[in-house]
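Asks: Okay, structure incoming, though there's no sequence with it:
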């Protein structure tokens, strides 16, 4: 059973406590800035055929940041919780939010009871840990691996985004950090986490960006300043360390794909001929290129196809159709890149009354034939893919109450047989994969513990390839 949450609150980042000011003055300042923002929004609204500085005018952005800080400082500490609290049934009992400027307390997450549901069925995978440990319902998980054993988990819960991270083998308590949904994250070389998400702001859903510096989150920056509804953001960091985002935006009256980049401030422009939604973006660590996959209805019919585009900043050639099945629905693309800059693409395709997971690898205009990697007789959904140790391709998908795993080496012709990793009769879903630098595979998913509690679970597998050890022999002569 899979239930959906509803987003209905405005963005509210917890600010640094400062000298207290009168609350009335704070709200008057906010109203003035809101009016200025509305006027500037009307000025720059509409279809945007060229790039725009989404932080302009800079004075308005600075004023908004100042007012948010001022309002937080003028309220009692108990008011640092979200402005709009969801239904009381979904509120976690006392989880202290992370306050900017403070270091989060660390503790071990609660492991799953070995006799309970959701135990790993394949040797080599660790038994699941419950990272959220919440009486509410978790959706849209994100895993992000950093240097050493660092691992970040983000998820959506009660219309807010939560964050927990592992450092030196110890996990932080989950922290409610911002009102929003559909989180996506990437990491720069210095270990900073760049999070993009969608949230309602002045009556429309827009995309925002915040940065984790190792101790606390920055205030949000507006990424999508358009007249449309901005959803489904994705983010990647390129070879030079430039942060890029992509999202679906209805500015022209229908959904198109936008691309933005953060160079002291956010700039953006729509990708030409990219009409669609639910993009996924990856960057090439060896080349100055970005790779984008998304779903869109084909020009010849109403069925959705998977499209691919390759570009960087201003240069985006025309997208190409990579699913090539105009009579069936293709959706939910996932993308990963290996050590030779080859791409590995999986997606979900509906044939008859069942879905299957399909796969292709290659480069633009040079793809392998599409193949089914799930059993066509089964109903398979939400495939996710990761590449570890430059050449180990792992794919996981949901199949009924189970998660199925397959792997292959990039130089091999065939996939290893399917493995049922974990099952839960109450229901599970939202699989996500992240590969660590040491080759460890991190798998996250959401699973129901009862009719109202849905938590985020984590299991890890040791590297598929181990370095060979040579024991020297000593030969003595006579």
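Replies: Okay, I see it. Computed from a prediction, not measured in an experiment: that's the story for all the values here.
Asks: strand partners of the strand or helix carrying residue 153, parallel vs antiparallel please.
Replies: Here residue 153 sits within strand 151-157, counting by DSSP states H and E. For strand 151-157, the paired strands and their directions (DSSP bridges) are strand 138-145 (antiparallel), strand 160-167 (antiparallel).
Asks: Turn those into CSV, including mean neighbour count.
Replies: From N, CA and C alone the C-beta is placed, and that goes for glycine too. Output for the strands paired with strand 151-157, formatted as CSV (neighbours: other Cβ atoms under 10 Å):
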stretch, mean neighbour count
strand 138-145, 22
strand 160-167, 24
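Asks: Any chance of these in JSON lines with mean pLDDT and distance to residue 338 as columns?
Replies: Converted to JSON lines, the strands paired with strand 151-157 look like this (pLDDT from 0 to 100; distance: least, Cβ to Cβ, whole Å):
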{"stretch": "strand 138-145", "mean pLDDT": "98", "distance to residue 338": "16"}
{"stretch": "strand 160-167", "mean pLDDT": "97", "distance to residue 338": "25"}
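Asks: From residue 195, how far out is residue 209?
Replies: For residue 209, the distance to residue 195 equals 7 Å [Cβ to Cβ, to the nearest Å].
Asks: Now for these two: what residues contact both?
Replies: Common contacts of residue 209 and residue 195, defined by Cβ atoms under 8 Å, 6 or more residues apart in numbering, comprise residue 235.
Asks: Neighbour count: the two, which is higher?
Replies: residue 195 (27 against 22; other Cβ atoms under 10 Å).
Asks: is it true that that one touches residue 183?
Replies: Yes. Shown here, residue 195 and residue 183 form a contact pair, counting by Cβ atoms under 8 Å, at 6.0 Å.
Asks: residues bridging contact with the two, i.e. touching both?
Replies: 154, 161.
Asks: Show me what whatever helix or strand residue 356 lives in is packed against.
Replies: Applying DSSP H and E as the criterion places residue 356 in strand 354-363. Applying 3 or more Cβ pairs under 8 Å, 6 or more residues apart in numbering; DSSP states H and E, one finds that strand 354-363 contacts strand 343-351, strand 371-372, strand 380-388, strand 392-399.
Asks: hang on, residue 284 packs against residue 341?
Replies: Yes. Using Cβ under 8 Å, residue 284 is in contact with residue 341, at 5.4 Å.
Asks: What strands flank the helix or strand just after the strand holding residue 356, and is each parallel or antiparallel?
Replies: Later in the chain than strand 354-363, the nearest helix or strand by DSSP H and E is strand 366-367. Using DSSP bridges, strand 366-367 pairs in its sheet with strand 354-363 (antiparallel).
Asks: buried ones in the strand it pairs with?
Replies: 355-361 (16 or more other Cβ atoms under 10 Å).
Asks: One more: stretch 389-397?
Replies: Neighbour-count burial for stretch 389-397 [16+ other Cβ under 10 Å]: 389, 391-397.
Asks: if we can go back for a sec, any idea how far the strand holding residue 153 is from the chain center?
Replies: For strand 151-157, the separation from the chain centroid amounts to 9 Å (computed by Cα atoms, centre = their mean, to the nearest Å).
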